[in-house]
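> using only what follows, build the 3D model:
(one chain, ligands or ions: 1)
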Amino acid sequence: MERVRALPLDQLRQRTSEKWREYPDDVLPLFVAETDFPLAPAITRALERAVRTSDTGYVASRTPLAAAFADFAERRYAWSPDPARMRSTADVSMGIVEILRRVTRPGDRVVVTTPVYPPFFDLVEEAGAVVERISLRDTGDGWELDHEAIEASLASGARAVLLCNPHNPTGTVHSAASLAILAEAAARHGAVVVSDEIHAPLAQPGPGFTPFLAVSDAARSIGYAIVSASKAFNLAGLKCALMVTADDEPTAVLRSLPIEVEWRTGQFGMLAAVAAFAAESDQWLDGLLLTLDENRRLLGELLSEHLPGACYRMPDAGYLAWIDLSALGWGENPSKRILREARVALHFGPAFGAEGAGHVRLNFGTSPEILREAVERIARMGPVSN
Ligand SMILES: Cc1ncc(COP(=O)(O)O)c(C=O)c1O
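Numbering: from 1, shown residues only. Model (predicted):
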(Lines give C-alpha, C1' and ligand atoms only; values in the text may rest on other atoms or scores of the structure.)
Protein backbone atom coordinates (compact mmCIF):
# COMPACT_ATOMS: atom_id res chain seq x y z
CA MET A 1 0.00 0.00 0.00
CA GLU A 2 1.40 3.35 -1.04
CA ARG A 3 1.66 5.90 1.78
CA VAL A 4 0.40 9.44 1.24
CA ARG A 5 3.40 11.68 1.85
CA ALA A 6 3.21 15.24 3.18
CA LEU A 7 4.46 18.04 0.92
CA PRO A 8 7.85 19.63 1.65
CA LEU A 9 7.94 22.75 3.81
CA ASP A 10 8.85 25.14 0.98
CA GLN A 11 5.73 24.10 -0.93
CA LEU A 12 3.55 24.28 2.16
CA ARG A 13 4.70 27.81 2.84
CA GLN A 14 3.21 28.83 -0.50
CA ARG A 15 -0.25 27.95 0.78
CA THR A 16 -2.43 30.87 1.89
CA SER A 17 -4.82 29.06 4.27
CA GLU A 18 -5.10 29.67 8.03
CA LYS A 19 -2.45 27.11 8.94
CA TRP A 20 0.18 28.82 6.80
CA ARG A 21 -0.73 32.48 7.26
CA GLU A 22 -1.55 32.85 10.94
CA TYR A 23 2.09 32.85 12.13
CA PRO A 24 5.41 34.07 10.71
CA ASP A 25 7.61 31.72 8.71
CA ASP A 26 9.88 30.76 11.61
CA VAL A 27 6.92 29.07 13.33
CA LEU A 28 6.05 25.40 12.66
CA PRO A 29 2.24 25.43 12.56
CA LEU A 30 0.72 22.33 14.19
CA PHE A 31 -2.43 23.97 15.51
CA VAL A 32 -5.51 24.18 13.22
CA ALA A 33 -6.95 20.95 11.76
CA GLU A 34 -5.62 21.24 8.22
CA THR A 35 -3.23 18.64 6.84
CA ASP A 36 0.00 18.94 4.89
CA PHE A 37 -0.81 16.24 2.31
CA PRO A 38 -1.47 16.78 -1.40
CA LEU A 39 -5.05 16.36 -2.60
CA ALA A 40 -6.28 12.90 -3.59
CA PRO A 41 -5.85 12.62 -7.39
CA ALA A 42 -9.60 12.19 -8.06
CA ILE A 43 -10.26 15.48 -6.24
CA THR A 44 -7.57 17.30 -8.19
CA ARG A 45 -9.12 16.06 -11.42
CA ALA A 46 -12.64 17.12 -10.39
CA LEU A 47 -11.50 20.60 -9.37
CA GLU A 48 -9.29 21.05 -12.44
CA ARG A 49 -12.23 20.13 -14.64
CA ALA A 50 -14.45 22.65 -12.83
CA VAL A 51 -11.85 25.40 -13.33
CA ARG A 52 -11.31 24.47 -16.98
CA THR A 53 -15.04 24.67 -17.68
CA SER A 54 -15.66 27.67 -15.39
CA ASP A 55 -18.15 25.51 -13.51
CA THR A 56 -18.34 27.98 -10.65
CA GLY A 57 -22.04 28.71 -10.22
CA TYR A 58 -24.47 27.71 -7.49
CA VAL A 59 -24.70 24.13 -6.37
CA ALA A 60 -27.59 22.37 -8.15
CA SER A 61 -30.70 21.26 -6.30
CA ARG A 62 -29.98 17.66 -7.35
CA THR A 63 -26.38 16.51 -6.91
CA PRO A 64 -24.67 13.09 -6.64
CA LEU A 65 -23.38 13.97 -3.14
CA ALA A 66 -25.86 12.05 -0.95
CA ALA A 67 -25.59 8.91 -3.09
CA ALA A 68 -21.79 9.20 -3.08
CA PHE A 69 -21.76 9.36 0.72
CA ALA A 70 -24.18 6.42 0.98
CA ASP A 71 -21.81 4.31 -1.16
CA PHE A 72 -18.83 5.44 0.93
CA ALA A 73 -20.66 4.53 4.17
CA GLU A 74 -21.52 1.11 2.76
CA ARG A 75 -17.92 0.39 1.71
CA ARG A 76 -16.14 1.88 4.72
CA TYR A 77 -18.55 1.29 7.64
CA ALA A 78 -20.95 -1.41 6.34
CA TRP A 79 -23.75 1.09 6.96
CA SER A 80 -26.48 1.90 4.43
CA PRO A 81 -27.89 5.36 5.04
CA ASP A 82 -30.71 6.47 2.72
CA PRO A 83 -29.74 9.39 0.42
CA ALA A 84 -33.36 10.58 0.57
CA ARG A 85 -32.90 11.32 4.27
CA MET A 86 -29.87 13.63 3.85
CA ARG A 87 -29.38 17.31 3.06
CA SER A 88 -26.20 19.22 2.35
CA THR A 89 -24.97 22.48 3.80
CA ALA A 90 -21.81 24.58 3.86
CA ASP A 91 -19.98 22.92 6.71
CA VAL A 92 -20.38 20.74 9.77
CA SER A 93 -20.62 23.75 12.09
CA MET A 94 -23.54 25.17 10.14
CA GLY A 95 -25.29 21.79 10.15
CA ILE A 96 -24.92 21.59 13.94
CA VAL A 97 -26.33 25.09 14.46
CA GLU A 98 -29.27 24.68 12.08
CA ILE A 99 -30.33 21.36 13.58
CA LEU A 100 -29.96 22.61 17.16
CA ARG A 101 -32.03 25.67 16.26
CA ARG A 102 -34.84 23.34 15.15
CA VAL A 103 -34.74 20.85 18.02
CA THR A 104 -34.21 23.21 20.98
CA ARG A 105 -35.98 26.30 22.26
CA PRO A 106 -34.04 29.37 23.42
CA GLY A 107 -32.42 28.65 26.77
CA ASP A 108 -32.65 24.85 26.51
CA ARG A 109 -29.58 22.99 27.74
CA VAL A 110 -27.36 21.03 25.34
CA VAL A 111 -24.78 18.59 26.71
CA VAL A 112 -21.22 18.76 25.39
CA THR A 113 -18.60 16.31 26.63
CA THR A 114 -15.39 18.09 27.54
CA PRO A 115 -12.56 18.49 26.73
CA VAL A 116 -14.00 19.17 23.28
CA TYR A 117 -13.46 21.05 20.00
CA PRO A 118 -13.81 24.63 21.34
CA PRO A 119 -16.32 25.96 18.75
CA PHE A 120 -18.90 23.50 20.16
CA PHE A 121 -19.46 26.00 23.00
CA ASP A 122 -20.13 28.82 20.52
CA LEU A 123 -22.27 26.72 18.17
CA VAL A 124 -24.68 25.79 20.96
CA GLU A 125 -24.99 29.46 21.91
CA GLU A 126 -25.36 30.51 18.29
CA ALA A 127 -28.40 28.19 18.17
CA GLY A 128 -29.85 30.02 21.20
CA ALA A 129 -29.27 27.14 23.64
CA VAL A 130 -27.10 26.88 26.75
CA VAL A 131 -24.03 24.65 27.09
CA GLU A 132 -24.00 21.98 29.77
CA ARG A 133 -20.48 20.62 30.18
CA ILE A 134 -20.02 17.02 31.21
CA SER A 135 -16.46 15.70 31.39
CA LEU A 136 -15.43 12.60 29.54
CA ARG A 137 -14.46 9.89 32.00
CA ASP A 138 -10.73 9.15 32.08
CA THR A 139 -10.40 5.35 32.17
CA GLY A 140 -6.64 5.41 32.77
CA ASP A 141 -5.81 4.40 29.22
CA GLY A 142 -8.49 6.31 27.32
CA TRP A 143 -11.72 8.27 27.65
CA GLU A 144 -15.39 7.34 27.56
CA LEU A 145 -18.79 9.00 27.90
CA ASP A 146 -19.98 9.51 31.47
CA HIS A 147 -23.37 7.88 31.02
CA GLU A 148 -24.57 8.48 34.59
CA ALA A 149 -23.92 12.22 34.36
CA ILE A 150 -25.46 12.47 30.87
CA GLU A 151 -28.54 10.53 32.00
CA ALA A 152 -28.95 12.83 35.02
CA SER A 153 -28.71 15.87 32.79
CA LEU A 154 -31.28 14.52 30.32
CA ALA A 155 -33.56 13.50 33.18
CA SER A 156 -33.47 17.06 34.48
CA GLY A 157 -34.45 18.50 31.10
CA ALA A 158 -31.41 18.87 28.80
CA ARG A 159 -32.81 18.63 25.28
CA ALA A 160 -29.84 17.47 23.25
CA VAL A 161 -26.38 15.93 23.34
CA LEU A 162 -23.83 17.30 20.89
CA LEU A 163 -21.62 14.27 20.43
CA CYS A 164 -18.17 14.29 18.87
CA ASN A 165 -17.53 10.86 17.32
CA PRO A 166 -14.61 10.34 16.86
CA HIS A 167 -13.83 12.80 19.62
CA ASN A 168 -11.70 15.90 19.08
CA PRO A 169 -9.19 16.38 20.83
CA THR A 170 -8.72 12.92 22.40
CA GLY A 171 -9.17 10.87 19.21
CA THR A 172 -11.57 8.54 21.04
CA VAL A 173 -13.80 6.35 18.88
CA HIS A 174 -16.92 5.66 20.92
CA SER A 175 -17.88 1.98 21.07
CA ALA A 176 -21.17 0.70 19.66
CA ALA A 177 -22.20 -0.32 23.20
CA SER A 178 -21.57 3.16 24.58
CA LEU A 179 -23.44 4.82 21.71
CA ALA A 180 -26.39 2.46 22.25
CA ILE A 181 -26.58 3.45 25.93
CA LEU A 182 -26.53 7.13 24.95
CA ALA A 183 -29.28 6.59 22.36
CA GLU A 184 -31.50 4.77 24.87
CA ALA A 185 -31.07 7.54 27.43
CA ALA A 186 -31.86 10.29 24.93
CA ALA A 187 -34.91 8.44 23.58
CA ARG A 188 -36.17 7.77 27.11
CA HIS A 189 -36.04 11.46 27.98
CA GLY A 190 -37.33 12.84 24.67
CA ALA A 191 -33.98 14.41 23.78
CA VAL A 192 -31.96 14.22 20.57
CA VAL A 193 -28.33 13.39 19.75
CA VAL A 194 -26.46 15.42 17.15
CA SER A 195 -23.39 13.38 16.20
CA ASP A 196 -20.49 15.25 14.61
CA GLU A 197 -18.75 12.56 12.53
CA ILE A 198 -16.31 14.77 10.65
CA HIS A 199 -13.25 12.72 11.73
CA ALA A 200 -14.91 9.33 11.03
CA PRO A 201 -13.13 8.55 7.72
CA LEU A 202 -9.88 8.72 9.72
CA ALA A 203 -10.73 6.04 12.30
CA GLN A 204 -7.89 3.54 12.32
CA PRO A 205 -8.67 -0.13 11.70
CA GLY A 206 -8.89 -2.00 14.99
CA PRO A 207 -11.55 -0.35 17.07
CA GLY A 208 -13.11 0.78 13.76
CA PHE A 209 -15.84 3.40 13.59
CA THR A 210 -19.50 2.97 14.51
CA PRO A 211 -21.83 5.56 12.96
CA PHE A 212 -24.29 6.75 15.59
CA LEU A 213 -27.24 6.08 13.30
CA ALA A 214 -26.13 2.48 12.73
CA VAL A 215 -26.32 1.62 16.39
CA SER A 216 -30.00 0.95 17.14
CA ASP A 217 -33.59 1.87 16.39
CA ALA A 218 -33.45 4.23 19.36
CA ALA A 219 -30.46 6.02 17.81
CA ARG A 220 -32.24 6.32 14.47
CA SER A 221 -35.38 7.68 16.12
CA ILE A 222 -33.59 10.59 17.84
CA GLY A 223 -30.32 10.95 15.94
CA TYR A 224 -28.72 13.35 13.46
CA ALA A 225 -25.26 12.74 12.01
CA ILE A 226 -23.23 15.44 10.35
CA VAL A 227 -20.54 14.19 8.03
CA SER A 228 -18.02 15.68 5.65
CA ALA A 229 -15.00 14.73 3.56
CA SER A 230 -13.31 17.91 4.74
CA LYS A 231 -10.98 16.65 7.50
CA ALA A 232 -9.75 13.44 5.88
CA PHE A 233 -9.30 15.02 2.45
CA ASN A 234 -8.33 18.54 3.63
CA LEU A 235 -11.21 20.34 1.93
CA ALA A 236 -12.34 22.65 4.76
CA GLY A 237 -12.09 25.80 2.65
CA LEU A 238 -14.43 24.42 -0.02
CA LYS A 239 -17.52 24.30 2.23
CA CYS A 240 -19.56 21.15 2.00
CA ALA A 241 -21.12 18.87 4.62
CA LEU A 242 -24.08 16.50 4.83
CA MET A 243 -26.74 16.24 7.51
CA VAL A 244 -27.91 12.63 7.73
CA THR A 245 -30.98 11.12 9.38
CA ALA A 246 -32.46 7.63 9.46
CA ASP A 247 -36.04 7.87 10.75
CA ASP A 248 -39.15 9.88 9.94
CA GLU A 249 -39.12 12.46 12.70
CA PRO A 250 -35.49 13.59 12.29
CA THR A 251 -35.95 13.51 8.50
CA ALA A 252 -38.97 15.79 8.85
CA VAL A 253 -36.82 18.20 10.88
CA LEU A 254 -34.18 18.19 8.11
CA ARG A 255 -36.84 18.84 5.49
CA SER A 256 -38.18 21.74 7.53
CA LEU A 257 -34.86 23.60 7.26
CA PRO A 258 -35.00 26.57 4.87
CA ILE A 259 -33.70 25.87 1.37
CA GLU A 260 -31.08 28.57 1.97
CA VAL A 261 -29.29 26.21 4.37
CA GLU A 262 -28.70 23.89 1.44
CA TRP A 263 -27.90 26.63 -1.06
CA ARG A 264 -24.90 27.63 1.06
CA THR A 265 -23.17 24.38 0.06
CA GLY A 266 -20.05 25.26 -1.95
CA GLN A 267 -20.05 24.07 -5.55
CA PHE A 268 -16.33 23.20 -5.36
CA GLY A 269 -16.95 21.55 -1.99
CA MET A 270 -19.68 19.36 -3.46
CA LEU A 271 -17.57 18.38 -6.49
CA ALA A 272 -14.56 17.59 -4.30
CA ALA A 273 -16.63 15.61 -1.78
CA VAL A 274 -18.19 13.47 -4.52
CA ALA A 275 -14.66 12.65 -5.74
CA ALA A 276 -13.48 11.98 -2.16
CA PHE A 277 -16.35 9.61 -1.39
CA ALA A 278 -15.91 7.73 -4.70
CA ALA A 279 -14.41 4.23 -4.65
CA GLU A 280 -11.44 5.48 -6.66
CA SER A 281 -10.30 7.50 -3.61
CA ASP A 282 -10.37 4.51 -1.21
CA GLN A 283 -6.78 3.57 -1.89
CA TRP A 284 -5.60 7.11 -1.25
CA LEU A 285 -7.52 7.18 2.05
CA ASP A 286 -6.03 3.84 3.09
CA GLY A 287 -2.57 5.22 2.27
CA LEU A 288 -3.30 8.27 4.40
CA LEU A 289 -4.43 6.08 7.30
CA LEU A 290 -1.11 4.20 7.13
CA THR A 291 0.82 7.46 7.21
CA LEU A 292 -1.20 8.73 10.16
CA ASP A 293 -0.70 5.43 11.96
CA GLU A 294 3.07 5.81 11.52
CA ASN A 295 2.92 9.43 12.65
CA ARG A 296 0.90 8.74 15.81
CA ARG A 297 3.47 6.08 16.77
CA LEU A 298 6.42 8.30 15.86
CA LEU A 299 4.99 11.08 18.03
CA GLY A 300 4.88 8.65 20.98
CA GLU A 301 8.53 7.70 20.39
CA LEU A 302 9.65 11.31 20.04
CA LEU A 303 7.86 12.36 23.22
CA SER A 304 9.32 9.44 25.22
CA GLU A 305 12.79 10.29 23.96
CA HIS A 306 12.75 14.08 24.21
CA LEU A 307 9.92 15.03 26.60
CA PRO A 308 9.51 12.10 28.97
CA GLY A 309 7.28 14.18 31.28
CA ALA A 310 4.61 14.49 28.58
CA CYS A 311 1.58 12.23 28.88
CA TYR A 312 0.25 11.12 25.49
CA ARG A 313 -2.22 8.41 24.55
CA MET A 314 -2.30 7.40 20.93
CA PRO A 315 -5.58 8.48 19.33
CA ASP A 316 -7.77 5.85 17.63
CA ALA A 317 -8.72 8.27 14.86
CA GLY A 318 -7.62 11.42 13.11
CA TYR A 319 -4.43 13.43 13.23
CA LEU A 320 -4.83 15.33 16.48
CA ALA A 321 -2.88 14.46 19.63
CA TRP A 322 -4.00 15.54 23.09
CA ILE A 323 -0.89 15.90 25.22
CA ASP A 324 -0.76 16.55 28.96
CA LEU A 325 2.31 18.63 29.82
CA SER A 326 1.28 19.35 33.43
CA ALA A 327 4.19 17.38 34.86
CA LEU A 328 6.64 19.74 33.17
CA GLY A 329 5.46 22.69 35.26
CA TRP A 330 4.86 24.90 32.22
CA GLY A 331 1.64 26.30 33.65
CA GLU A 332 -2.03 26.37 32.70
CA ASN A 333 -1.46 27.09 29.01
CA PRO A 334 1.92 25.66 27.88
CA SER A 335 1.25 26.46 24.23
CA LYS A 336 1.98 30.14 24.91
CA ARG A 337 5.53 29.49 26.02
CA ILE A 338 5.99 26.86 23.29
CA LEU A 339 5.03 29.41 20.65
CA ARG A 340 7.21 32.13 22.13
CA GLU A 341 10.34 30.07 22.80
CA ALA A 342 10.19 27.00 20.52
CA ARG A 343 8.35 28.72 17.64
CA VAL A 344 5.88 25.84 17.37
CA ALA A 345 2.16 26.69 17.20
CA LEU A 346 -0.08 24.23 19.05
CA HIS A 347 -3.74 24.57 20.01
CA PHE A 348 -4.37 25.93 23.53
CA GLY A 349 -5.47 23.18 25.95
CA PRO A 350 -7.67 25.36 28.18
CA ALA A 351 -9.81 26.37 25.16
CA PHE A 352 -11.18 22.79 25.15
CA GLY A 353 -12.58 23.06 28.69
CA ALA A 354 -11.26 23.04 32.26
CA GLU A 355 -9.78 19.57 31.67
CA GLY A 356 -7.38 21.17 29.19
CA ALA A 357 -5.27 22.97 31.81
CA GLY A 358 -1.62 22.09 31.19
CA HIS A 359 -2.52 20.42 27.87
CA VAL A 360 -1.82 21.14 24.22
CA ARG A 361 -3.34 19.74 21.03
CA LEU A 362 -0.83 18.89 18.34
CA ASN A 363 -1.69 18.24 14.67
CA PHE A 364 0.44 15.37 13.34
CA GLY A 365 -1.05 15.44 9.85
CA THR A 366 2.35 16.42 8.53
CA SER A 367 5.73 14.93 7.60
CA PRO A 368 7.90 12.93 10.04
CA GLU A 369 10.57 15.62 9.54
CA ILE A 370 8.32 18.46 10.71
CA LEU A 371 7.02 16.35 13.59
CA ARG A 372 10.54 15.52 14.72
CA GLU A 373 11.70 19.13 14.41
CA ALA A 374 8.69 20.38 16.40
CA VAL A 375 9.21 17.98 19.30
CA GLU A 376 12.97 18.64 19.35
CA ARG A 377 12.39 22.40 19.41
CA ILE A 378 9.97 22.04 22.32
CA ALA A 379 12.36 19.76 24.22
CA ARG A 380 15.20 22.27 23.82
CA MET A 381 13.19 24.88 25.78
CA GLY A 382 14.15 23.25 29.06
CA PRO A 383 12.79 24.16 32.45
CA VAL A 384 11.06 27.47 33.14
CA SER A 385 13.60 30.05 34.29
CA ASN A 386 12.64 32.25 37.22
C1 LIG B 1 -15.10 17.89 15.60
C2 LIG B 1 -15.11 18.98 14.59
N3 LIG B 1 -16.28 19.48 14.17
C4 LIG B 1 -16.35 20.47 13.26
C5 LIG B 1 -15.20 21.03 12.74
C6 LIG B 1 -15.33 22.15 11.77
O7 LIG B 1 -15.89 21.66 10.61
P8 LIG B 1 -16.44 22.62 9.50
O9 LIG B 1 -15.28 23.40 8.98
O10 LIG B 1 -17.03 21.68 8.50
O11 LIG B 1 -17.49 23.48 10.15
C12 LIG B 1 -13.96 20.54 13.14
C13 LIG B 1 -12.73 21.13 12.60
O14 LIG B 1 -11.64 20.78 12.94
C15 LIG B 1 -13.92 19.50 14.09
O16 LIG B 1 -12.75 19.00 14.51
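
> which residues does the residue of the stretch 251-386 of the chain found nearest the ligand contact?
For the stretch 251-386 of the chain and the ligand, the shortest gap (C-beta to the nearest ligand atom) falls at Leu320, measuring 7.5 Å. Quick note: C-beta positions are derived from backbone N, CA and C, even for glycine. When the contact criterion is C-beta atoms under 8 Å, 6 or more residues apart in numbering, the partners of Leu320 are Ala33, Asn168, Pro169, Gly171, Arg361, Leu362, Asn363, Phe364.

> among those, find me the one that's closest to Glu355.
Nearest to Glu355 among the contacts of Leu320 is Pro169, at 9.9 Å by C-beta to C-beta.

> got a pLDDT number for the closest one?
We note a pLDDT of 98 for Pro169 in this prediction.

> that one against Thr114, yeah?
No - here Pro169 lies out of contact with Thr114, judged by C-beta atoms under 8 Å, at a distance of 10.1 Å.

> ok now do the residue nearest to Glu341 when sequence neighbours are not counted, which residues does it touch?
Closest residue to Glu341 apart from its sequence neighbours, by C-beta to C-beta, 6 or more residues apart in numbering: Met381 at 4.9 Å. Taking C-beta under 8 Å, 6+ apart as the definition of contact, the neighbours of Met381 are Arg337, Ile338, Glu341, Ala342.

> so Pro169 and Thr114 - more neighbours on which side?
Pro169 (28 against 19; other C-beta atoms under 10 Å).

> nearest residue to Gly353 in space, please, no chain neighbours.
For Gly353, the nearest residue in space outside its immediate sequence neighbours is Thr114; the separation is 3.2 Å by C-beta to C-beta, 6+ apart.

> who touches both of Pro169 and Thr114?
Phe352.

> most widely separated two among the contacts of Leu320?
Comparing all pairs in these by C-beta to C-beta, the longest separation belongs to Asn168 and Phe364, at 13.5 Å.

> hey, where'd the helices end up in the stretch 201-350 of the chain?
Across the stretch 201-350 of the chain, reading from the start of the chain, the helices by DSSP state H, counting those that start in this stretch fall at 217-222, 248-256, 259-263, 267-277, 282-306, 334-337.

> and these, which is most packed in?
Each of the helices of the stretch 201-350 of the chain was scored by mean neighbour count; the highest is helix 267-277, a mean of 25, by mean count of other C-beta atoms under 10 Å.

> that helix packs against which elements?
Packed against helix 267-277, as judged by 3 or more C-beta pairs under 8 Å, 6 or more residues apart in numbering; DSSP states H and E, are the following elements: helix 41-52, helix 65-77.

> could you give the number of residues near the closest residue to Asp91 other than its chain neighbours?
For Asp91, the nearest residue in space outside its immediate sequence neighbours is Ala241; the separation is 5.1 Å by C-beta to C-beta, 6+ apart. Here the number of neighbours of Ala241 (other C-beta under 10 Å) works out to 27.

> now swap in Phe348 and tell me
Per other C-beta under 10 Å, the neighbour tally for Phe348 reads 18.

> do the same with Glu151
Taking other C-beta under 10 Å as the neighbour definition, Glu151 ends up with a count of 17.

> cool, the one 3 residues further on as well?
If you count neighbours by other C-beta under 10 Å, Leu154 ends up with 23.

> can you tell me how far it is from Trp143?
The spacing between Leu154 and Trp143, counted by C-beta to C-beta, to the nearest Å, is 20 Å.

> please apply the same query to Ser54.
As for Ser54, its distance to Trp143 is 48 Å (criterion: C-beta to C-beta).

> who's more crowded, the two?
Using other C-beta under 10 Å, the more surrounded residue of Ser54 and Trp143 is Trp143, with 21 against 7.

> who does that one bridge with?
Asp138 (DSSP bridges).

> that one touches Thr170, doesn't it?
Yes - with contact defined as C-beta under 8 Å, Trp143 and Thr170 form a contacting pair (4.9 Å).

> as TSV, the helices of the stretch 201-350 of the chain with distance to the ligand and mean pLDDT would be great.
Conversion of these to TSV gives the following (distance: least, C-beta to the nearest ligand atom, whole Å; pLDDT from 0 to 100):
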stretch	distance to the ligand	mean pLDDT
helix 217-222	19	98
helix 248-256	17	98
helix 259-263	13	96
helix 267-277	9	99
helix 282-306	15	98
helix 334-337	17	98
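
> turn those into CSV, columns for distance to Ala67.
Putting the helices of the stretch 201-350 of the chain into CSV (distance: least, C-beta to C-beta, whole Å) gives the following:
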stretch, distance to Ala67
helix 217-222, 20
helix 248-256, 16
helix 259-263, 16
helix 267-277, 9
helix 282-306, 16
helix 334-337, 42
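
> anything in contact with each of Trp143 and Thr170?
Common neighbours of Trp143 and Thr170, using C-beta under 8 Å, 6+ apart, are Leu136.

> how is the protein partitioned into domains?
Residue ranges for the domains of the chain, per automatic domain parsing: 9-38+282-380, 44-280.

> how far out from the middle of the chain is the last one?
Taking C-alpha atoms, centre = their mean, to the nearest Å, one finds domain 44-280 lying 10 Å from the centre of the chain it belongs to.

> and it, end to end?
13 Å (C-alpha to C-alpha, to the nearest Å).

> what's the distance between the closest residue to Asn234 other than its chain neighbours and Gln14?
In this structure, Asn234 finds its nearest non-sequential neighbour in Thr35, 4.6 Å apart by C-beta to C-beta, 6+ apart. Using C-beta to C-beta, one gets 16 Å for the distance from Thr35 to Gln14.

> ok, now Trp79?
Using C-beta to C-beta, we find Trp79 at a distance of 39 Å from Gln14.
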